[in-house]
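[1] Just to be clear, the model below is a prediction. Sequence and coordinates:
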Amino acid sequence: MNKMRLQQMGIALISGILFGLGLGLSQMIDRERVLGFLDVAGIWDPTLLFVLGGAVSVSVVTFRFILRQQQPFFGVTFKLPTRQTIDLPLLGGAVLFGVGWGISGYCPGPGIVGLMLGTWNPVLFLISLAAGMWAYQGYLHLTQPSSKG
């Protein structure tokens, strides 16, 4: 494995650890905290709003400086999305993500970090997430034309 790839993996590991610590510190691995935010008709918990606001504000400020660089610090090129269309698969995926988040109180990052809680909720969520990803891959395999031929 080359040196650049090892650096990238190390940065990814450190970033993941920092992200997990941030999720734990902000209590975003507590599904009741997240479900409290989504319960706008009941006892609403604005904690998630502050966490998201902090993350978005840091990103808005730093993104402008980062993209002025010729290349990333630990990479050759920036890998930015080029697609600018909103289509049915994108909307369907967003709705499915939102429904799953609303039912379980987890999205993938907090679900993984939530394993540290020692409860079954994140385990069941991650099993469901893996099953959904597996089913989608099967769907793609059935609906897309084969490249063999």
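    Yes, it's here.

[2] From here on, just use CA atoms for contacts and neighbour counts.
    OK.

[3] so which strand or helix has the spatially closest residue to Gly111 that is not a sequence neighbour?
    Excluding the flanking residues, the one nearest Gly111 by Cα to Cα, 6 or more residues apart in numbering is Pro122, at 5.1 Å. Pro122 is located in helix 120-143, with elements delineated by DSSP states H and E.

[4] Report all helices and strands that that helix contacts.
    The contact analysis (3 or more Cα pairs under 8 Å, 6 or more residues apart in numbering; DSSP states H and E) places helix 120-143 against helix 108-113.

[5] Report the buried residues of the helix it packs on.
    Residues of helix 108-113 classed as buried: Pro110, Gly111, Ile112, Val113 (neighbour count, 16 or more other Cα atoms under 10 Å).

[6] Make a markdown table out of those and add pLDDT.
    As requested, those are exported to a markdown table (pLDDT from 0 to 100):
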| residue | pLDDT |
| --- | --- |
| Pro110 | 93 |
| Gly111 | 93 |
| Ile112 | 93 |
| Val113 | 92 |
